[in-house]
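*Asks:* build me a model:
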Amino acid sequence: MVLGALVDAGGDFTALEAALKTLPVSGWHLERHRVERAGITATRIEVILEREEHGHRHLPEIEGHIAHSALAPRAKERAVACFRRLAQAEAGVHRILAEKVHFHEVGAVDAIIDICGAMHLVTSLGVETASAGAVNVGGGTVKCAHGLMPVPAPATAELLRGVPVHGEGQPGELATPTGAAILRTLATEYGRQPPMRVEAIGHGAGSRDFAERPNIVRAMLGQLAESGGRLPVESRRLLMVSCEIDDMTPELIAPVIEAGLAAGALDVHLGPVTMKKGRPGVRLAALVAPEQRDAVIESLFRRTSTFGVRVEEVERLALRRRMESVETPWGRVGVKVGLWGEEAIQASPEFEDCRRLAESSGVPLARVYSAAQGAAQALLGRGQP
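*Replies:* Numbers count the residues shown, from 1 in each chain. Predicted coordinates for the structure are as follows:
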C-alpha cells in the first residue's frame, strides 16, 4: 500500500523496479493496477513471486543484500534502519539478540521489496521528514508463522510502542509488521497534520475492498509551512502537563516517569522546587501531544499523590532530522542527525544500537558509544546525501 501511495503521488514506477532489480534476490516482478476502494481511485502495486519462497533469513543476510544493491546511499540507510527496527521488535518478543532473529514473513522477498521500494521512493521524491495520524490496527486474530495471534501481531505491537493507535471497522489485520516498521522509520510525529503546502496526493490500495471504508494509505507530499519565525526548524504546538509533589519518596517517583512515557508523553522530566512551609519537593512535567493529554493526566493522578495538574500550551522548535549509520569495530550504529536547513549540525548515536553491540561483543558500552560518537563527527556539515 505504501508503494502504491508513493507512486500515485508521483514516484517513478519504472525507476523503482529498475532500482529494486539490483537487489541480489530474484524470482519476482512488480505489477501496477488502477483500482477503486470504496469509491476512491487508487494505485495498487503487487509483488508477484515467480516461485515458492520460504523467506527464512537473518538480519546480516538482509543487510548484505541491501549493501550490494544500487539503491541510493540514503535509501540504503533507511532500509537498513527499517530492518533493524523489525529485528529489535522480534528480538523483544522472543528475548534474543537482534542478529539471531530468524525472520519469517518479514524476511520473505515481497517484504524486502516493499521496504527497499518504499525507501527508494521517499528518497527519490526528496522526502526529508514525515508525520502520520493515529494507526488503525484492526482487530480479531491473524495467522502468523507461530500460529494464531491477536491483532495487532506481537511484532507490530512492539513496533507501535508510543504511537497513537486504535482499532475500528471489521475484524482483521490492518497494520502489518512491515508497514509498522516503515512508518516508525520515516515518521517523527503522530497526530495532527503539520502545517504544509500540499503539492501531491497519492492513494495506495490494499488487496481487500471494504464496504464501509476505503482500504487505502494516503500520502500527501509538500513543503512544511513557515515555522519558528525565520528559523529553519520544525514548529509544533504541544502541551506541558505538570504538578508539584513533596510527599513521595524517590523510589516511588522514578516509576512515574516510565508510566508517563508509556501513556504517550513525548518527554517527562523532574526538577527541584521549594514548596509551602519551606518543604523541598519536585516538579514533574510531561511534554504531551494534545491527543495524548487525557492518558498522561490519568497516569499522573493514579501514580502520584497530587490532587491537581496544570496544562499549558507550548511551542516546540526542533531541528529537522534524518537517520544515517556509521561503522564501528563491532558493527554498524544508527545515528540521528539534526539539520539546520540543509547543514548537519548535530549527530547522536542510537543508544540501543550501542548497547546491543556492547552486549553481543562483550566490550564496555562506553567504548562502543565513544567509537560511534567519533565516527558520527564525519557526518557534521554535510547536506542531504
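*Asks:* who does the helix or strand where Ala87 lies touch, helix- and strand-wise?
*Replies:* For Ala87, the host element (DSSP states H and E) is helix 73-94. Here helix 73-94 touches helix 59-67, helix 109-124, helix 154-159, helix 177-186, strand 320-328, strand 331-340, helix 351-361, going by 3 or more CB pairs under 8 Å, 6 or more residues apart in numbering; DSSP states H and E. All C-beta atoms are positioned from the backbone trio N, CA, C, and that covers glycine.
*Asks:* so the longest one versus helix 59-67, what angle?
*Replies:* Yep, that's helix 109-124 we're talking about. Compare the direction of helix 109-124 with that of helix 59-67 by axes from the mean of the first three to the mean of the last three CA atoms, to 10 degrees and you get 50 degrees.
*Asks:* quick check: angle from helix 109-124 to helix 73-94?
*Replies:* Going by the same axes, to 10 degrees, helix 109-124 makes 140 degrees with helix 73-94.
*Asks:* check which element follows helix 109-124 along the chain.
*Replies:* If you walk from helix 109-124 toward the C-terminus, the next helix or strand you reach (DSSP H and E) is strand 130-132.
*Asks:* strand partners of that following strand, parallel vs antiparallel please.
*Replies:* Sheet pairing of strand 130-132 (DSSP bridges) gives strand 187-190 (parallel).
*Asks:* residues of the strand it pairs with that come out buried?
*Replies:* If you call a residue buried by 16 or more other CB atoms under 10 Å, then strand 187-190 has these buried ones: 188-190.
*Asks:* then stretch 370-379?
*Replies:* Taking 16+ other CB under 10 Å as the neighbour-count basis, stretch 370-379 is seen to contain the buried residues 371-373, 375-376, 379.
*Asks:* tell me the one of those residues nearest Ile45?
*Replies:* Distances from Ile45 to the buried residues of stretch 370-379, taken as CB to CB, are shortest for Leu379 (32.9 Å).
*Asks:* so Arg44 touches Phe13, yeah?
*Replies:* No - if you go by CB atoms under 8 Å, Arg44 and Phe13 don't touch, sitting 12.0 Å apart.
*Asks:* overlap in contacts, these two.
*Replies:* Listed as contacting both Arg44 and Phe13 by CB atoms under 8 Å, 6 or more residues apart in numbering are Arg32.
*Asks:* still on that earlier bit, could the buried residues of strand 187-190 go into JSON lines alongside pLDDT?
*Replies:* Output for these, formatted as JSON lines (pLDDT from 0 to 100):
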{"residue": "Thr188", "pLDDT": "80"}
{"residue": "Glu189", "pLDDT": "81"}
{"residue": "Tyr190", "pLDDT": "84"}
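*Asks:* for those residues, give me a markdown table that also has distance to Thr123.
*Replies:* Supplementary listing: the buried residues of strand 187-190 in a markdown table, determined by distance: CB to CB, whole Å:
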| residue | distance to Thr123 |
| --- | --- |
| Thr188 | 16 |
| Glu189 | 20 |
| Tyr190 | 22 |
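*Asks:* flag the shaky bits of the stretch 51-200 of the chain, pLDDT-wise.
*Replies:* With pLDDT under 70 as the threshold, the stretch 51-200 of the chain has low-confidence stretches at 53-56, 94, 96-107, 145-146.
*Asks:* now do 50
*Replies:* Counting by pLDDT under 50, the ranges of the stretch 51-200 of the chain that qualify are 106-107.
*Asks:* roughly how far apart are Arg161 and Pro73?
*Replies:* Using CB to CB, to the nearest Å, Arg161 is found at 29 Å from Pro73.
*Asks:* oh sorry, the question was meant for Ser370
*Replies:* Plainly put, Ser370 is 25 Å away from Pro73 if you go by CB to CB.
*Asks:* repeat that for Pro164.
*Replies:* According to CB to CB, Pro164 and Pro73 sit 32 Å apart.
*Asks:* who has more neighbours, those two?
*Replies:* Between Pro164 and Pro73, counted using other CB atoms under 10 Å, Pro164 has the larger neighbour count: 16 against 10.
*Asks:* for that one, list the residues it contacts.
*Replies:* With contacts taken as CB under 8 Å, 6+ apart, Pro164 has the following neighbours: 133-135, 190-191, 264, 289, 291-292.
*Asks:* grab the nearest non-local neighbour of it.
*Replies:* Using CB to CB, 6 or more residues apart in numbering and skipping residues adjacent in sequence, the residue nearest Pro164 is Ala134, 4.0 Å away.
*Asks:* you'd agree the one you found is up against Val165?
*Replies:* Yes - contact between Ala134 and Val165 holds when scored by CB under 8 Å: they sit 6.2 Å apart.
*Asks:* so between those two, which is more surrounded?
*Replies:* Residue environment comparison for Ala134 versus Val165 gives the larger neighbour count to Val165, 17 against 13, counting by other CB under 10 Å.
*Asks:* let me see the contact set for that one.
*Replies:* Contacts were defined as CB under 8 Å, 6+ apart; by that measure Val165 touches 134-137, 152, 175.
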